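Asks: model the structure of this input:
(3 chains)
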Amino acid sequence: MAGKTEVKIIPKSNRIKRSKAEWLFAIFNYLFFIFVTLMVVYPFWHVIMTSLSSVEATAKGGIFLWPKGFNLDTYGKVFKNAQIWSGYFTTIIVTLTGTALGTLFTATTAYALSKKRLPFGGILMLLVLFTMIFNGGMIPNYLLIKNLNLLNTRWALILPGLVSAYNVIIMKSFFQSIPDSLEESARIDGANDVIIFIKIAIPLSKATVAVIALFTAVGYWNDFFSTVLYINDSTKWALQAVLRYMLTNTNQAMQAAGVSVISASNVTAATIKSASVVVATVPILIVYPFLQKYFVQGVMVGGVKG
Amino acid sequence: MKKKSALILAAGMMAAALLAGCGDAGSKEVSNNTSKEISSEADASGEAAASSELIDVLNQEDTMSMAIVCLQGHTQPDSSTEKWMEERYNIDITVIALPGWTDAKAKIQLLMADEKARPDIIWWWDMDADFAQWKDAGLLVDVSVYMNKYTNMVDYYNAQDPAILFFASSADGIYRIPGDVSEPCCETLLIRQDWLDNLNLEVPTTLDELEDVLYAFTYDDPDGNGIDDTYGLGGDGYDFRSFWPWIQGAGTGRGHYDKFVMNEDGSYTMGAATDDAKIWLERVSKLYADGVITPNITQDTDRDEEMANGGFGVTYSWITYNNPSNAIMTSFYASNPDAKWVPVDMVAGDNGNPQEDAATVAAWCYFGITTNCSNPERAYAIWDDMAAPENYVRKRFGIEGEHYIANADGTYEIVIAGDSNENSEQNIGLKLFQDLFSRKDECNIENTTATSALFEKAKENSRDIYSIMIEKKDPNAYVIGNEYGTDIGDIKLAYFWSVIGGTDTIDNWDKYISDLKAAGLEEVTAELTEIYNKQLEEKAMYLSVE
Amino acid sequence: MKLSSDKSLKGRGSDRKTIWRDMVRCRWLYFLLIPAIIYFFIFKYIPIYGLRIAFMDYNQYAPEKSIWVGVDQFIKLFTKKSFIPVLWNTIKISLLKLLCGFPVPIILALMMNEIKSVKFKKISQTLLYLPHFISWAIMAGIIMTLLDPTNGLITGIIQKITGQSVMVLTDTKWFVPMLIVTDIYKGMGWGTIVYFAAISGVDPQLYEAVAIDGAGKWKQAIHITLPGIMPSIIVMFIMNCGNILNAGFEQIFMLYSAQVYSVADIIDTYVYRIGIVQSDYSFSTAAGMFKSVVAFILILVVNSIAKKTGNEGII
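Replies: Purely as a prediction, here's the structure:
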């Protein structure tokens, strides 16, 4: 840190009072978050416990804190389901490709639109916003993909959701907070907008890029409806579509769908459903910890010296 | 992303452009006796009719490709059963698996709307408006001619109930084949015999006795554990069928929770607006208020979970719970070895004629051959061949000795069940195309003899109530009924469950009736009277030719 | 909404020449926009043209048989007896969710910012957003178990506190509060992510400058962090406003029943129930379009209010 030339003398009593209050608050804060985190983790915990329990115990629906009839059979069964593996394959490819391309294009769009000097920027922004709110619906989207000959291909899972207006708006707001002074000095050195974008804006916006990458990745990972619309081949189903099939194979779903005469045998067991949820969710959960390092304060400051 | 899914979901519904109702003209009867008449008629009219020779499906030279849609059962591609079918008939099967109950209707619509993606055999349930449009747009093949030539499926359905094909047919032919017809009645009254024994009670035979049993089960500690944790009546939550003993036993038994009923004078009333309905509603709400019914019965609980949990002594539920192989009951008995659920006869109510809840005669799902199919007659012939008893058992239950065992005394043992892990792990393919024709007669070797006997008895004991229930052949034709149907249904649901749950009283019944009328009940009833009377005429004509 | 062109250039001559010159100066920005323009046109705007279905009686199997009916579908929607109650429920639930739920992620993010232990932060942050990944289909099952009248955990707690046994899922007084609480619960962790990123962009030097003057953590949070992330807060708020007619279909659909229709039936659930009986694609498209129009107007209104009060809007 640059040297402080002036040191203000704080009366000792103030200092002590301040640190005591802060100390109390710190303890409260930690406890608060421990409490909130435990509460928030519960549903997922419940799902994990159910997946580790026996079928008989879960048929009653009384799992609270610990598995009853602990066994790992369920995971064995789930992993023997070929569709889970093909689902992984499809979803991973789609997520990686989609996130890479999507984040890139979202960033370029948001950056360009964040510059006030861009003529017609307002209109363009409005057009982007419009797409966030208005959606053609199931059939027009289907017809588009069909006419592009992308039906039943993995591109149909990637392209329709590539750039979302929501992400553009968030990213644009972050880009707007980059001080113009940084741009000026680069311009003097002869850089054009693209070079400024690549060499200055992006390195300063690591947190932003991380957030949008995370949102995009999670969006792709969780998307099942695209599979419903565009994919017929069951070996190309996304993982979440496989999961959704299992979750809607219940008595309630059948009754809601207007079928009232089916008896028990076709319903997916609660243990299988839970294990599938775990299998389908854990991989994406692992992504965030890797991105957390970008959410560190001072990234912006570090860039100034460049 | 999240907003988009919500918007798409909300906008994903079906189109209805119905202008004319079906069923105006007389229906065309399908009967073995007139097969020659029909085919010569077709020839005379110069249409490209099938010749009266039968296609030999076992000895075809060209491989026909068939894309088939299905939802339930085995959906993994290239199972042993699928390969058996492919070899036997020289076809190349592509299974198009629907994406689960909630999204399946949307998918079916998309598949039918896309002329390239349209399958050869389409399967659906409910979707009457869409079916009407498919027919209008010429997307489905009229299979009535084939039904005369290949008769396995037709024979089976006529043996079950001739009305099944009546409901499936349209004015100008038959464009849909019943996929699965439920047993005429599939529920029964079940009681905990061990609790009755513990309390020295007899099996109740009247509704009043049943109510006494409920109170005893709740307050007299029937499981003898000293804790006040038992209830009398339990079952599927948020489902009026759980109260069936009271519904059938109220007044003349016309208080049906869902359907319209026919009065003695031939007029029609909405079941939930009859005086009978008021009677059972009041009785049930009193029982609920007295605490003899499980409190969560007003919420959408899962029937299987409730059975597996126990805690109640009386329920009206699936006959198949009696099958020893039933997974839910196995789990229940594992943790309650002394328990014993027994099926009992329905109790007699006000009119002394106990009735079980009749299911619809019509199939709940259909399949049809689309005009995309390269050889519709061959496709139908193949399907009909699969419907023959031996072939059906082979498709549904597998190979004798490997997947099931036929005992000398005529009973069967299932070695590998359709929903077992072995079936999916080894990709055997049992339950493949489960809902594209299924037999509930002796070919359904899954049912024990005891269970089959129960089904028979239930069928007999539900015919009276079936005769006063309305079963619509073409729900799409009831334009006014469909327009006001949601609002009327909402009023009924809200009022009934509020009364049962105690947040509203039976004293507001008159207000409830006037709310229904304000929502259009009288116009709906008038329309129904007109259309349904016509349907009765058509049905009588149809059956008289049989 | 005005054109946001920087008028720092003192261009004489006609406006057109000035604009053209600005555009040329920004040519590289336009270059960056090219992929987006292509993408939005093909994948968003071409399907949006399909919204004209809302003005037709559409037959998807024989499109040539579809007839143009103008605003009939909309009139049908607005004249339904249940439309006003359902619209009112939608607005009520959305506003309550906005009021109660919007500040929660912000407060959480600010509090989390005070945690010194990096490890604690990392673990806590990751766990906090777990519910976002549990779909409502599963969550609803868990909620129903917790609220079971006989032996639900939460039911027991409520009984101890209020002395009554409440059946939350069928009680018109408790159902909507339950919706809001569970919605906040499910989404608050995920909502903090944007604010974490925003907080990380606040200049640390600002903190030090204020700390020298004797400001404690509280003052720092209020006077430095909060204003620092205000642009993000405004943007998120505007976008949430646009959501006013989406009160959470999946959540309500999984949890509601006829007894609580009067308070919890929203536009989407109502249109869904109509769709089961009537299966009218044009009708549901019209309903969706109505919601979109309202959302769009609302966003523009809130956006201009934000700008008038001196903040950055979305446009």
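Asks: in the stretch 151-300 of chain A, what spans have low per-residue confidence?
Replies: A:262-265, A:296-300 (pLDDT under 70).
Asks: which residues in it form helices?
Replies: If DSSP state H, counting those that start in this stretch is used as the criterion, the helices of the stretch 151-300 of chain A fall at A:155-158, A:165-175, A:180-188, A:193-196, A:202-204, A:206-222, A:225-230, A:239-247, A:251-256, A:270-285, A:287-291, A:299-304.
Asks: can you put these in JSON lines and add distance to chain B and mean neighbour count?
Replies: All C-beta atoms are positioned from the backbone trio N, CA, C, and that covers glycine. What follows is those, written out as JSON lines (distance: least, Cβ to the nearest Cβ, whole Å; neighbours: other Cβ atoms under 10 Å in any protein chain shown):
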{"stretch": "helix A:155-158", "distance to chain B": "12", "mean neighbour count": "22"}
{"stretch": "helix A:165-175", "distance to chain B": "7", "mean neighbour count": "24"}
{"stretch": "helix A:180-188", "distance to chain B": "31", "mean neighbour count": "12"}
{"stretch": "helix A:193-196", "distance to chain B": "28", "mean neighbour count": "18"}
{"stretch": "helix A:202-204", "distance to chain B": "23", "mean neighbour count": "18"}
{"stretch": "helix A:206-222", "distance to chain B": "3", "mean neighbour count": "24"}
{"stretch": "helix A:225-230", "distance to chain B": "5", "mean neighbour count": "25"}
{"stretch": "helix A:239-247", "distance to chain B": "4", "mean neighbour count": "25"}
{"stretch": "helix A:251-256", "distance to chain B": "4", "mean neighbour count": "20"}
{"stretch": "helix A:270-285", "distance to chain B": "8", "mean neighbour count": "22"}
{"stretch": "helix A:287-291", "distance to chain B": "15", "mean neighbour count": "15"}
{"stretch": "helix A:299-304", "distance to chain B": "26", "mean neighbour count": "15"}
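Asks: any chance of the ones you listed in a markdown table, plus distance to chain C?
Replies: Formatted as a markdown table, these follow (distance: least, Cβ to the nearest Cβ, whole Å):
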| stretch | distance to chain C |
| --- | --- |
| helix A:155-158 | 11 |
| helix A:165-175 | 4 |
| helix A:180-188 | 10 |
| helix A:193-196 | 4 |
| helix A:202-204 | 9 |
| helix A:206-222 | 4 |
| helix A:225-230 | 12 |
| helix A:239-247 | 5 |
| helix A:251-256 | 8 |
| helix A:270-285 | 5 |
| helix A:287-291 | 5 |
| helix A:299-304 | 6 |
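Asks: could I get the ones you listed as JSON lines with distance to B:Gly485?
Replies: Listed next are those as JSON lines, based on distance: least, Cβ to Cβ, whole Å:
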{"stretch": "helix A:155-158", "distance to B:Gly485": "36"}
{"stretch": "helix A:165-175", "distance to B:Gly485": "37"}
{"stretch": "helix A:180-188", "distance to B:Gly485": "62"}
{"stretch": "helix A:193-196", "distance to B:Gly485": "59"}
{"stretch": "helix A:202-204", "distance to B:Gly485": "57"}
{"stretch": "helix A:206-222", "distance to B:Gly485": "35"}
{"stretch": "helix A:225-230", "distance to B:Gly485": "27"}
{"stretch": "helix A:239-247", "distance to B:Gly485": "29"}
{"stretch": "helix A:251-256", "distance to B:Gly485": "16"}
{"stretch": "helix A:270-285", "distance to B:Gly485": "33"}
{"stretch": "helix A:287-291", "distance to B:Gly485": "47"}
{"stretch": "helix A:299-304", "distance to B:Gly485": "59"}
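Asks: and the pLDDT for B:Ala334?
Replies: The score at B:Ala334 is 84. That number is its pLDDT.
Asks: my bad, B:Asp275
Replies: Predicted confidence (pLDDT) at B:Asp275: the value is 95.
Asks: how close does it sit to chain A?
Replies: Using Cβ to the nearest Cβ, to the nearest Å, B:Asp275 is found at 26 Å from chain A.
Asks: C:Arg273 too?
Replies: For C:Arg273 relative to chain A (Cβ to the nearest Cβ), the value is 10 Å.
Asks: what's the answer for B:Asn421, then?
Replies: Counting by Cβ to the nearest Cβ - B:Asn421 and chain A are separated by 6 Å.
Asks: which residues does the closest residue to that residue other than its chain neighbours contact?
Replies: Computed as Cβ to Cβ, 6 or more residues apart in numbering or on different chains, the closest residue to B:Asn421 that is not its neighbour in sequence is A:Lys77, at 5.6 Å. Counting by Cβ atoms under 8 Å, 6 or more residues apart in numbering or on different chains, A:Lys77 touches A:Ile272, A:Ala275, B:Asn421, B:Glu425.
Asks: picking that back up, so for C:Leu32, which of the helices of the stretch 151-300 of chain A sits nearest?
Replies: helix A:193-196 (6.5 Å; Cβ to Cβ).
Asks: picking that back up, closest one to B:Asp62 out of the contacts of A:Lys77, please.
Replies: The closest of the contacts of A:Lys77, once distances to B:Asp62 are taken by Cβ to Cβ, is B:Glu425, at 34.3 Å.
Asks: so which of the contacts of A:Lys77 is the closest to C:Tyr185?
Replies: Distances from C:Tyr185 to these, taken as Cβ to Cβ, are shortest for A:Ala275 (23.9 Å).
Asks: I figured that closest one hits A:Ser51, correct?
Replies: Yes. When contacts are counted by Cβ atoms under 8 Å, A:Ala275 is listed as touching A:Ser51 (3.8 Å).
Asks: identify the contacts common to those two.
Replies: Joint contacts of A:Ala275 and A:Ser51 (Cβ under 8 Å, 6+ apart) are A:Thr74, A:Tyr75.
Asks: and the residue of the stretch 51-200 of chain A closest to chain C?
Replies: A:Pro140 (2.4 Å; Cβ to the nearest Cβ).
Asks: per-residue pLDDT, that residue?
Replies: 93.
Asks: who does the strand or helix carrying it touch, helix- and strand-wise?
Replies: For A:Pro140, the host element (DSSP states H and E) is helix A:138-147. For helix A:138-147, the packing partners by 3 or more Cβ pairs under 8 Å, 6 or more residues apart in numbering or on different chains; DSSP states H and E come out as helix A:225-230, helix B:2-11, helix B:104-113, helix C:46-49.
Asks: cutoff 7 Å now
Replies: When contacts are defined as 3 or more Cβ pairs under 7 Å, 6 or more residues apart in numbering or on different chains; DSSP states H and E, helix A:138-147 sits against helix A:225-230, helix C:46-49.
Asks: that's all I had, so thanks and see you.
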